[in-house]
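Give the three-dimensional model of this entry:
(one chain, ligands or ions: 1)
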Amino acid sequence: MDETLLVSEPPEKRRKSMTEEEPEVVDRFCDPTKPISVPFQDVSAAAYKIRGGIERTPCLRSQMTHLYGMKIFFKKEFLQYTGSFKERGARYALEMLNKDQRAKGVIAASAGNHALALAYHGQELNIPITVIMPKIAPLMKIQACTKFGATIHIVGANLAESKKYATKMGEEQGLLYINGYDHPHIIAGQGTMGLEIVEQVPDLDACIIPVGGGGLISGAALAIKSLRPNVTIIGVESEKCPSFSEAMKAGKPVYTELHSTLADGLAVPTVGVNAFETAKHLIDRMIVVKEENIALAILRLLEMEKAVVEGAGATGLAAIVEGLVPELAGKKVVVALCGGNIDTTALGRVIERGLAADGRLQRFVVTVSDRPGSIAELTKLIANLGVSLKDIFHERAWIKSDIFAVQVKVVCETRDQEHSQELHEALKSRYTHLVWGPRY
Ligand SMILES: Cc1ncc(COP(=O)(O)O)c(C=O)c1O
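Take a look at the predicted model:
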């Protein structure tokens, strides 16, 4: 579908007003000079207000318990109607508007789940929603927001630029700006996930929560620690955007450089001031995971839970996959799977990366003789081990050794690490020149 049919470009007059020099309009709910520590009562109030509008998602024991030596329970927030926990905060923030603001509407800047959540609940509650999305926002999410009746403007190369535009437009048009991770009502709304977790797994020992701007972990940690002070709260980020870990080290939110990540929902350069103020004493540990383990976590969830979870949503499990929480062995651990909105094309790539990280997709280069039958011999060796060939390519022109030799590049699928090891051993004992793994 043509993008221009779905989204409106902002009027020229307003677009011109977004210049680099212009100061950003301050969001009075997220003032760095007056950070708010959200009280527990606000989470209970939110739970009462949003009941009926939000799914109480299941929190079920997983088969992965046997794989990782801890009693794992998954809080399945990807089963919310728009595919993420963001609906909790969005619904509460909208429910809390006064009559006048309900009529005027609200504005937000988001590339994904916050936008979807606001658009859907705005439609449900009959509140006009405007969302400023950066140019990098996935078309699938833009289309979905438009379907829910929101007004979408595509402005800004990144979220920071979209936010600058949104706060200004909000001020000009009387639309309330709702920060997706730092507005106090958003934090209180997200906290309702923590209340449910305590009801569903009353004797939990620990809860692992992915962290972006910090709205989810601050609300959920507030709820859990208020009711179960001994539960360990662990926050997880990708190595590509460790902004909450950096904030914890610095004792305040600090700008952290971002790099492209599978966990796009977590890519926030500076965490929320209220989120940080609320959560800083409640988080026991922050963990940073490798990208390949996020891919592997997504793969495990597909294969073992039959669950489609996006990168940000699977980051908590990635900490377990990477072996970074040995202190939780034998403990009852709830892992928040907070979103499922992943593009199908991205999912395909992630599966391949996950298979590679798991040692089930292998590649190697082997030098064989240029006699008829040499490649047949190689493929026979592979077939005899029950390994499945995915790609094979051979070249003569660029190899430097023997002119009667051919280099064969192979990509193949094995059952598991052990099976890969078996193939590796067989190749080593048959061929002198072998480059195994991702080095070639
Ligand atoms: C799926 C998913 N998980 C986790 C997060 C992180 O939430 P927060 O920004 O409140 O820390 C987000 C944020 O957009 C998300 O979309």
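
Check what pLDDT the closest residue to V325 other than its chain neighbours gets.
If you skip the residues right next to it in sequence, V325 has A319 as its closest partner in space, 5.7 Å away by CB to CB, 6 or more residues apart in numbering. Heads up, the C-betas are built off the backbone N, CA and C, glycines and all. With respect to pLDDT, A319 has a value of 98.

Tell me if the strand or helix carrying A319 is near the ligand.
Using DSSP states H and E, A319 sits within helix 311-321. Yes - for helix 311-321 and the ligand, the contact criterion (CB under 6 Å from any ligand atom) is met by 312-313.

do stretch 76-95 as well
Yes - against the ligand, stretch 76-95 shows contacts by CB under 6 Å from any ligand atom at S84.

residues of that stretch that come out buried?
For stretch 76-95, burial by neighbour count (16 or more other CB atoms under 10 Å) applies to 76-78, 80, 82-95.

from the chain's centre, how far out does the helix holding A319 sit?
Between the centre of helix 311-321 and the centre of its chain there are 8 Å (CA atoms, centre = their mean, to the nearest Å).

ok, then the element right after that helix?
Going down the chain from helix 311-321, the next helix or strand is strand 332-337, by DSSP H and E.

Please work out the angle formed by the directions of that following strand and helix 311-321.
150 degrees (axes from the mean of the first three to the mean of the last three CA atoms, to 10 degrees).

List the strands paired with strand 332-337, with their directions.
strand 71-76 (parallel), strand 206-210 (parallel) (DSSP bridges).

Convert the C-alpha atoms of the following helix or strand past the shortest one to CSV, please.
This points to strand 206-210. Elements were assigned by DSSP H and E; along the chain past strand 206-210, the next helix or strand is helix 215-227. C-alpha atoms of helix 215-227 as CSV (Å, rounded to 0.1, in the frame of the first residue of the first chain):
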residue,chain,number,x,y,z
GLY,A,215,8.7,2.8,32.5
LEU,A,216,8.0,-0.9,32.7
ILE,A,217,10.7,-1.8,35.2
SER,A,218,10.0,1.2,37.5
GLY,A,219,6.2,0.5,37.7
ALA,A,220,6.6,-3.3,37.9
ALA,A,221,9.4,-3.2,40.5
LEU,A,222,7.4,-0.7,42.6
ALA,A,223,4.4,-3.1,42.7
ILE,A,224,6.5,-6.2,43.3
LYS,A,225,8.8,-4.8,45.9
SER,A,226,5.9,-3.2,47.8
LEU,A,227,4.1,-6.5,48.1
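
Quick one: residues in contact with helix 215-227.
38, 40, 43, 85, 89, 180-182, 186-195, 197-198, 207, 209-211, 231, 233, 235, 244, 272, 274-276, 278-279, 282-283, 336, 338 (CB atoms under 8 Å, 6 or more residues apart in numbering).

what residues does the stretch 201-350 of the chain put near the ligand?
Applying CB under 6 Å from any ligand atom, we find that the stretch 201-350 of the chain lies next to the ligand at 210-217, 265-266, 268, 310, 312-313, 338-339.

before we move on, the earlier item: the residue nearest to V325 and V289 touch, don't they?
Yes - if you go by CB atoms under 8 Å, A319 and V289 touch, sitting 5.4 Å apart.

overlap in contacts of the two?
Residues touching both A319 and V289 by CB under 8 Å, 6+ apart: V236.

Now for the residue in the stretch 251-400 of the chain that the ligand sits nearest to, how many residues are close by?
Per CB to the nearest ligand atom, G339 is where the stretch 251-400 of the chain lies closest to the ligand, at 2.4 Å. Residues lying near G339 (other CB atoms under 10 Å) number 27.

Dihedrals phi and psi, it?
Backbone torsions for G339, taken as degrees, to the nearest 10, come to phi -160, psi 150.

Touching, K76 and V335? I think so.
No - at 10.1 Å, K76 does not count as touching V335 under the criterion of CB under 8 Å.

got a list of what the closest residue to E422 other than its chain neighbours touches?
Distance criterion CB to CB, 6+ apart; nearest residue to E422, sequence neighbours excluded, is L385 at 6.0 Å. Applying CB under 8 Å, 6+ apart, we find L385 in contact with 419, 422-423, 426.

Could you check the pLDDT of W398?
pLDDT, W398: 66.

I meant to write E21 there.
Per-residue confidence (pLDDT) for E21: 58.

Compare the strands paired with strand 332-337 and report which one is nearest to P326.
Nearest to P326, of all the strands paired with strand 332-337, is strand 206-210, at 12.2 Å by CB to CB.

need the strands for the chain, in chain order.
For the chain, the strands defined by DSSP state E occupy 59-61, 71-76, 106-109, 129-133, 151-154, 176-177, 206-210, 232-238, 285-289, 332-337, 361-369, 388-395, 405-413, 434-436.

can I get those strands in JSON lines with distance to T345 and mean pLDDT?
Output for these, formatted as JSON lines (distance: least, CB to CB, whole Å; pLDDT from 0 to 100):
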{"stretch": "strand 59-61", "distance to T345": "29", "mean pLDDT": "97"}
{"stretch": "strand 71-76", "distance to T345": "24", "mean pLDDT": "98"}
{"stretch": "strand 106-109", "distance to T345": "25", "mean pLDDT": "97"}
{"stretch": "strand 129-133", "distance to T345": "19", "mean pLDDT": "97"}
{"stretch": "strand 151-154", "distance to T345": "20", "mean pLDDT": "96"}
{"stretch": "strand 176-177", "distance to T345": "32", "mean pLDDT": "98"}
{"stretch": "strand 206-210", "distance to T345": "22", "mean pLDDT": "98"}
{"stretch": "strand 232-238", "distance to T345": "20", "mean pLDDT": "98"}
{"stretch": "strand 285-289", "distance to T345": "23", "mean pLDDT": "98"}
{"stretch": "strand 332-337", "distance to T345": "21", "mean pLDDT": "98"}
{"stretch": "strand 361-369", "distance to T345": "18", "mean pLDDT": "93"}
{"stretch": "strand 388-395", "distance to T345": "19", "mean pLDDT": "91"}
{"stretch": "strand 405-413", "distance to T345": "20", "mean pLDDT": "93"}
{"stretch": "strand 434-436", "distance to T345": "30", "mean pLDDT": "93"}
